[in-house]
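Novice: Here is my input; please provide its structure:
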Amino acid sequence: MQSFRNKVAAITGAGSGIGRALAVQLAERGCDLALSDVHADGLRQTAALVEPMGVRVTTAQVDVAVRDQVRAWAARAANEHGKVNLIINNAGVAHAGTVEATDYADYEWIMGINFWGVVHGTKEFRVSVFHG
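Specialist: Next up, the predicted model:
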């Protein structure tokens, strides 16, 4: 992609950290944004940072581990923006602990976001956006 101007990027985990930084960088380059995060407050803060840059911004509180939430967001983003040119599956979590001390629920939480979140984002945007 030579230019981000007049393009639309969907970013997961946009409420803080790398996701927020990506949103700011893309907005500075004229890219419209469909932002999601599981944390509504952080999402609102990111939107407030990029909206004054003159780009169109939509937000959705989404848990990327839940396929139906990602599917609904992808369809909404495509409808509201008319297109999505780029999906950035940025949402991610980390856990520290020994195998012995880590519960299966912790592994399921990590896999839900770090693995399934990427699969859901990639697949649902491919289906909703690129195939109508």
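Novice: Please give me every residue in contact with residue 120.
Specialist: Taking CB atoms under 8 Å, 6 or more residues apart in numbering as the contact definition, residue 120 lies against 64, 65, 66, 67, 70, 71. All C-beta spots, glycine's among them, are computed from the backbone N, C-alpha and C.
Novice: let's go with 7 Å and repeat that
Specialist: Going by CB atoms under 7 Å, 6 or more residues apart in numbering, residue 120 touches 64, 67, 70.
Novice: And the pLDDT for residue 126?
Specialist: pLDDT, residue 126: 87.
Novice: May I ask you to confirm that it belongs to a helix?
Specialist: Yes: under DSSP: H, G, I helix; E, B strand; the rest coil, residue 126 falls within a helix.
Novice: Do a quick rundown of the strands in the chain.
Specialist: Residue ranges of the strands in the chain, as given by DSSP state E, are 8-11, 32-37, 57-61, 86-88.
Novice: Much appreciated, bye for now.
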